[in-house]
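Colleague: Fold the stuff below for me.
(one chain, ligands or ions: 2)
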Amino acid sequence: MSEFSKTLELINSRMPRQALSGKLYHDVDVYQDDLEQIWHKNWIFAGHTFEIEKPGQYLSLQVGKYPVIVVRDQNNIVRAFHNSCRHRGSRICSAEKGKVAKLVCPYHQWTFDLDGKLLFAANMGDSFKSDEHGLIPVHCQVVETYVYICVAESPPDFNQFRDAVTPFISPHNLRDCKVAYESNLVEKGNWKLVFENNRECYHCNGNHPELLNSFVENLSVAGVAGAVDPELQDHWNKCEAGGLPSHMVMDKDGQYRMTRIPLSKGAVSYTMNGKAAVNHRLDKSGVDNIGALLYFHYPSTWNHFLGDFAVTFRVLPLGVDSTLVTTKWLIHKDAQEGKDYDLDHLTKVWPATNDQDRRLVEESYIGVGSPAYTPGYFSEVAENGVCQFVDWYCETMKKQVKGG
Ligand code: FES
Ligand SMILES: [Fe+2]
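Modeller: Ligands and ions are numbered 1, 2, ... in the order given. Take a look at the predicted model:
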């Protein structure tokens, strides 16, 4: 039996609405299958275009087994390459971010142009063909400043997602944004537990006092069909009258979802007192309280857009038991610290929330590794979102076998 069929057997033995078995989180062969079937085949959120605003600015990341570099070239085109030298394979950029005139391999100084062309390779002899040794491109798409990459040779369609997400993000004017703050948190748990934890707020009351100053989970946006509550409907109508798409849109395969929710009474932002953190609004709708636009795209990102700032999250697996969560606070590029915003006020809620979530993920990871763990069942009231994620994972893995 191949390793992948072992993984599929574990997936197929799951009952409807049941949590995953311990092996699906802990087994290193399952992890390799997750990389091969999900992380190496899907579009992965890398970063924002405004993080690499000038030619030569780059960011690097690890997508499963693939180190990747995303760079803005001389013609302002955002490109992605495998971060592996065409000589003997060394990683070229080791920093997570930087700015270079050319991409120079540290090993023997092969030098590549920002469009990947090999410009210089010393002492390679007369028969050496430079034009056959350019950096290998990685598929790269940009939608509303979000740079997505795919390391597969033939990536899945991106246009459907682009068309669906653009109207939601566009009114938030991310092109005018900068990163006010970034946090990188390594969670000692399998990546699926990180996303599962994001997809329910059943745990919020017992764990997230800071977040609950302004966030209320709206159970009718979990991603399953059902009645929409009247408060949510009113919020959608109010925001859409101001030009902000808000009705929930969900991918037919469940890979992405966008919707807007109201915050708790009186709150307009994710701050300790619920008041705005930044004096610059990102949207121009004129609606006084737009709540939070939520968007996720499996397996690598979830996002919240408020009136005064946006928070974007990127998930990357580092190993079977380790996941990197990168959080960025996006504000209007003209907003000045000390004048238009106070960094502490802006960033108090999410680092606390992320750390609480980290602890939950780490405790879950230890618990599901116990031979005594038997998977329980998701609440039909409070855990439809997490069930939707687990269903997506199982169906996506099964589809790969059918060549879907
Ligand atoms: S491995 Fe890059 S120059 Fe030799
Ligand atoms: Fe949480």
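
Colleague: show me what contacts Lys192?
Modeller: Residues in contact with Lys192, defined by CB atoms under 8 Å, 6 or more residues apart in numbering, are 20, 24-25, 34, 389-390, 393. (Glycine included, C-beta is placed from N, CA and C.)

Colleague: What of Tyr25?
Modeller: 189-190, 192-193, 320, 365, 368-369.

Colleague: hmm, 10 Å instead?
Modeller: 19, 31, 34, 189-193, 196, 320-321, 364-365, 367-369, 373 (CB atoms under 10 Å, 6 or more residues apart in numbering).

Colleague: For it, give its distance to Phe378.
Modeller: Separation of Tyr25 from Phe378 (CB to CB, to the nearest Å) stands at 16 Å.

Colleague: Check Tyr181 too.
Modeller: On the measure of CB to CB, Tyr181 and Phe378 end up 34 Å apart.

Colleague: Could you do Phe158 as well?
Modeller: 30 Å.

Colleague: coming back round to it: name the nearest of the contacts of Lys192 relative to ligand 1.
Modeller: Asp34 (29.4 Å; CB to the nearest ligand atom).

Colleague: Backbone torsions only: list them for the closest one.
Modeller: In terms of degrees, to the nearest 10, the main-chain angles of Asp34 are phi -60, psi -40.

Colleague: Who are the contact partners of the closest residue to Val143 other than its chain neighbours?
Modeller: Residue nearest to Val143 in three dimensions, not counting chain neighbours: Arg162, with 4.8 Å by CB to CB, 6 or more residues apart in numbering. Applying CB under 10 Å, 6+ apart to Arg162 gives the contacts 43, 141-144, 146, 148.

Colleague: cool, and Ala352?
Modeller: 208-211, 272.

Colleague: Now the buried members of these.
Modeller: Buried members of these, counted by 16 or more other CB atoms under 10 Å: 208, 210-211.

Colleague: Include secondary structure and distance to Leu61 when you put those residues into a markdown table, please.
Modeller: Listed next are the buried ones among the contacts of Ala352 as a markdown table, based on DSSP: H, G, I helix; E, B strand; the rest coil; distance: CB to CB, whole Å:
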| residue | secondary structure | distance to Leu61 |
| --- | --- | --- |
| His208 | coil | 28 |
| Glu210 | coil | 28 |
| Leu211 | helix | 27 |
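
Colleague: Those residues also near ligand 1: which ones?
Modeller: Among those, proximity to ligand 1 is found for none (CB under 6 Å from any ligand atom).

Colleague: check contacts around Leu59.
Modeller: Leu59 neighbours (CB under 10 Å, 6+ apart): 46-48, 51-52, 68-72, 80, 93, 95-98, 147.
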